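Asks: compute the structure for the input listed below.
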Amino acid sequence: MAHIDDIPAPARPNSISGGRRRFIKKIGKKLLLTISRIQTKQSLVPTTPFVANDHFDFLAQFETHWQDIEKEAQAVLQFRDQIPGFEDISPDQYRIAKKNQWKTFVLYGFGTRLEKNTALTPISAKLLESIPNLQTAWFSILAPGYHIPAQKGVTRGILRAHLGLIIPKNYAQCRIRVGDEIKPWQEGKVFVLDDTYEHEVWNDTDEERVILLFDFDRPMKFWGRFFNKQMMRLMKMTAYYQDPKKNLANAEDRFEAAVKQAGANLEAMSDEA
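Replies: Numbers count the residues shown, from 1 in each chain. Okay, the predicted model is just below:
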């Protein structure tokens, strides 16, 4: 059996990514702005900071089964030390994710199901399968007192849902701002947001916050869907996709090894008893 220490840790940014990344960002931002304008006109749902749940018939089941999802999240949290920080998965997020204060246990990454991780969360995985054009899904774990600085997402072609799972008792102090609107998370409640609006997060409590976060394609007319598909193809060719993809595989292997090692230890203790 592979020992957890034998599996490489996620890669950190390297010198190759410097100037070339900045150039790609500059060109990419102009292209994204043009595509964003097209997607806004092509959208079949409001382009407001938060989008009402009744536009998405698949959301209700998440509120119905939230306690089952929460139990799977609790099981994952038993191995909290092996859950990677967001900056370990995506090195480009170093500005907003620091010192493993924002951890991510990924179930789907860039449209691909992580089989080893979802084997530990079968109910969550089955529910996520029902989402049309699911892109990413993960348990988002925010440390007490942590603040995620203001940021903007890259494409209006994607919408993001948050389902509250483990929420601080003083939930009003654990909140997200999207544009000029602020919402606190609540257990068992889901909301949808457009992360191309400036958004930031505060957990001004002494308790951990855990949500299920998932991204899916915005419902759009033909040309909006067409440009979104082409843009996603281009993004998958860049380091912004390739680096996290590699790091996700390493993190998944490390977590699997930790679970197996814990199981072997329990079995050995049982044999000795």
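
Asks: every contact and neighbour count from this point should use C-alpha atoms.
Replies: OK.

Asks: so where's this protein uncertain?
Replies: Applying pLDDT under 70 to the chain flags residues 1-29, 238-242, 262-273.

Asks: ok, 90 please
Replies: For the chain, the stretches flagged by pLDDT under 90 are 1-37, 85-100, 109-112, 153-155, 227-273.

Asks: helices of that one, start to end?
Replies: Using DSSP state H, the helices found in the chain span residues 18-42, 60-64, 66-77, 86-89, 115-118, 122-128, 222-235, 239-272.

Asks: any idea which of the ones you listed is most buried?
Replies: Comparing the helices of the chain by mean neighbour count (mean count of other Cα atoms under 10 Å), helix 86-89 ranks first with a mean of 26.

Asks: helices or strands up against that one?
Replies: Applying 3 or more Cα pairs under 8 Å, 6 or more residues apart in numbering; DSSP states H and E, one finds that helix 86-89 makes contact with strand 102-109, helix 239-272.

Asks: circling back: turn the helices of the chain into TSV, columns for distance to residue 148.
Replies: Below are these laid out as TSV (distance: least, Cα to Cα, whole Å):
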stretch	distance to residue 148
helix 18-42	21
helix 60-64	25
helix 66-77	21
helix 86-89	11
helix 115-118	25
helix 122-128	25
helix 222-235	24
helix 239-272	19
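
Asks: residue 49 is nearest to which of the ones you listed?
Replies: helix 18-42 (12.4 Å; Cα to Cα).

Asks: which ones are touching the residue nearest the centre of the chain?
Replies: Centre of the chain computed as the mean C-alpha position; nearest residue by Cα atoms, centre = their mean is residue 138, 4.4 Å away. Residues in contact with residue 138 (Cα atoms under 8 Å, 6 or more residues apart in numbering) are 104-108, 212-214.

Asks: residue 249 versus that one, what's the distance?
Replies: Separation of residue 138 from residue 249 (Cα to Cα, to the nearest Å) stands at 14 Å.

Asks: buried residues, stretch 93-110. List them.
Replies: Going by neighbour count (16 or more other Cα atoms under 10 Å), the buried part of stretch 93-110 is 96-98, 100-110.

Asks: distance to residue 68 for the residues you listed - can I get that in TSV?
Replies: Output for those, formatted as TSV (distance: Cα to Cα, whole Å):
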residue	distance to residue 68
96	30
97	28
98	30
100	26
101	25
102	23
103	21
104	19
105	17
106	17
107	16
108	18
109	22
110	24
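
Asks: give me the neighbour count for residue 217.
Replies: Using other Cα atoms under 10 Å, residue 217 has 18 neighbouring residues.

Asks: residues in contact with the nearest residue to residue 216 once chain neighbours are set aside?
Replies: Nearest residue to residue 216, sequence neighbours excluded (Cα to Cα, 6 or more residues apart in numbering): residue 134, at 4.4 Å. The neighbourhood of residue 134, defined by Cα under 8 Å, 6+ apart, consists of 111, 128, 214-217.

Asks: could you redo the last one with a cut-off of 10 Å?
Replies: Going by Cα atoms under 10 Å, 6 or more residues apart in numbering, residue 134 touches 108-113, 128, 158-159, 214-217.

Asks: which of the buried residues of stretch 93-110 lies closest to residue 205?
Replies: For the buried residues of stretch 93-110, the closest approach to residue 205 (Cα to Cα) belongs to residue 101, at 13.6 Å.

Asks: next up, the contacts around the residue nearest to that closest one when sequence neighbours are not counted.
Replies: Leaving aside its chain neighbours, residue 101 sits nearest to residue 143 (5.1 Å; criterion: Cα to Cα, 6+ apart). The contact partners of residue 143, taken as Cα under 10 Å, 6+ apart, are 100-103, 203-210.

Asks: ok, residue 152 next?
Replies: Counting by Cα under 10 Å, 6+ apart, residue 152 has contacts 178-179, 194-200.
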